[in-house]
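Colleague: the sequence and its predicted three-dimensional model are supplied below.
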Amino acid sequence: MGRRATTDAVDARTLATMTVAVEDLRPTEARSEGQRDFTEFQQIRDALVTDRTATTNRGKRVTEQG
């Protein structure tokens with residue numbers, strides 16, 4: 001909102017403005033520990049797949065150049 005002050009009053013106004021802007025603001029159901037673990041494992045796997053792809057591509061470039 002372009003304000004740099006960090007007072008409770010400014011924070012309260014900012015939160016109130018955000019709440020009005022997001023009319024469909026509802027709490028979500030908490031996820032179970034198993035669901036959180038599964039999500040974390042998916043993120044780790046995705047990162048490893050990305051790393052593997054990057055490593056493979058680097059190896060191909062080295063082979064083509066050398």
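Modeller: Received the coordinates, thanks.

Colleague: pLDDT on whichever strand or helix holds residue 53, on average?
Modeller: Secondary structure assigned from DSSP states H and E places residue 53 in helix 33-65. Average pLDDT, helix 33-65: 94.

Colleague: quick one: distance of that helix to the chain centre.
Modeller: 17 Å (Cα atoms, centre = their mean, to the nearest Å).

Colleague: try stretch 9-19
Modeller: Counting by Cα atoms, centre = their mean, stretch 9-19 comes out at 23 Å from the chain centroid.

Colleague: same check, this time on stretch 15-31
Modeller: Using Cα atoms, centre = their mean, the offset of stretch 15-31 from its chain centre is 18 Å.

Colleague: likewise stretch 29-37?
Modeller: The answer for stretch 29-37 is 16 Å, by Cα atoms, centre = their mean.

Colleague: dump it to CSV, keeping only the CA atoms.
Modeller: This file holds the C-alpha atoms of stretch 29-37, laid out as CSV (Å, rounded to 0.1, in the frame of the first residue of the first chain):
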residue,chain,number,x,y,z
GLU,A,29,-8.7,-27.3,7.1
ALA,A,30,-5.4,-28.2,8.7
ARG,A,31,-3.5,-30.9,6.9
SER,A,32,-2.4,-34.0,8.7
GLU,A,33,1.3,-34.7,9.5
GLY,A,34,1.2,-37.4,6.8
GLN,A,35,0.0,-34.9,4.2
ARG,A,36,2.7,-32.4,5.2
ASP,A,37,5.3,-35.1,5.0
